[in-house]
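**Student:** For reference, the sequence and a predicted model appear below.
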Amino acid sequence: MSKEMEELRRKFQDRFGDGGDHVFQGIVTEVNEDEFTCTVKRDDQVDYFDVRLRGLVNADLQGFAFIPRMQSTVLVCRIGKSNELFVCQFTEIDKMIFTDNDLKVVIDTENIDIWKGEKITVHVDAEKLEVTNDKVKALHDADKLTVTADSTTVKASTAGVTISRGGSGLKKTLDDMLTAIQALTVTTPHGPSGTPINSAKFASIQADLPNYLEE
């Protein structure tokens, strides 16, 4: 037993008393995240089942819980003189879970996930941040931020801005409009007119679109 764990064990022992072996060290061999319990092996011989990770063994109850890493060392405390046990000190954890009414937060070594009711979710990892509800999703990954609502998409990236809905996009619409303007002619008593005298200006505007619009 390490010096730190022994010190903690003694503190718990002082708090709960010496009778009944109230505090002992063990190794986590199994975890039940549904019931918030674990199995702890003591001295490589005795298995203690249903060791609590929350105040009560009840999957419907809410609150806060650490999920210990498999094969990690924990200190286990006894509740009074009963056979009920709970983990009172962790050395390594794989996950933290918090629930309160319609809020749930799960944090592990790679992800952060938040649920609020049935519509709002938040996911964070090393690659992306994603926020969704029942109608809109915002995704920030790599070099872009994308907001999607049904068939409408707004995206900002290092390549420019995209605004689209269905099969239509702002860049294509502007490009088609400027092309049509440059080819515009008007019927006169003397026949069709020529193209606009400022076609070069429209062509310049058209050529500038890719500098800030991606699609």
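**Tutor:** Cool, the structure landed.
**Student:** Need the three-state assignment for the spatially most central residue of the chain.
**Tutor:** Ranked by distance to the mean C-alpha position of the chain (C-alpha atoms, centre = their mean), the top residue is residue 123 at 1.7 Å. The three-state assignment at residue 123 reads strand, by DSSP: H, G, I helix; E, B strand; the rest coil.
**Student:** Going by residue numbers, what spans are helices in this structure?
**Tutor:** 3-16, 170-182, 199-208 (DSSP state H).
**Student:** Output the contacting helices and strands for the top strand by length along the chain.
**Tutor:** Identified as the longest strand of the chain according to DSSP state E is strand 23-32. Strand 23-32 is packed against helix 3-16, strand 37-42, strand 63-68, strand 73-78, with contacts defined by 3 or more C-beta pairs under 8 Å, 6 or more residues apart in numbering; DSSP states H and E. The C-beta positions use only the backbone N, C-alpha and C, and glycine is treated the same way.
**Student:** partners of that strand in the sheet?
**Tutor:** Counting by DSSP bridges, the strands paired with strand 23-32 are strand 37-42 (antiparallel), strand 73-78 (antiparallel).
**Student:** What's opposite the residue nearest to the centre of the chain in the beta bridge?
**Tutor:** Residues in a beta bridge with residue 123, per DSSP bridges, are residue 113, residue 130.
**Student:** Distance check, the spatially closest residue to residue 196 that is not a sequence neighbour against residue 37.
**Tutor:** Excluding its sequence neighbours, the residue lying closest to residue 196 (C-beta to C-beta, 6 or more residues apart in numbering) is residue 184, at 5.8 Å. With distances taken as C-beta to C-beta, to the nearest Å, residue 184 is found 76 Å from residue 37.
**Student:** Just the pLDDT at the residue nearest to residue 70 when sequence neighbours are not counted, thanks.
**Tutor:** Leaving aside its chain neighbours, residue 70 sits nearest to residue 28 (5.9 Å; criterion: C-beta to C-beta, 6+ apart). Residue 28 is assigned 97 on the pLDDT scale.
**Student:** ditto for residue 140
**Tutor:** With respect to pLDDT, residue 140 scores 95.
**Student:** pretty sure residue 164 contacts residue 149?
**Tutor:** No. In this structure, residue 164 is not within contact of residue 149 by C-beta atoms under 8 Å, at 11.5 Å.
**Student:** neighbour count winner among those two?
**Tutor:** Neighbours per residue, other C-beta atoms under 10 Å: of residue 164 and residue 149, the larger number sits with residue 164, 18 against 13.
**Student:** burial count for the closest residue to residue 38 other than its chain neighbours?
**Tutor:** Take residue 38 and drop its neighbours on the chain: the residue closest to it by C-beta to C-beta, 6+ apart is residue 31, 4.7 Å away. When neighbours are counted by other C-beta under 10 Å, residue 31 registers 19.
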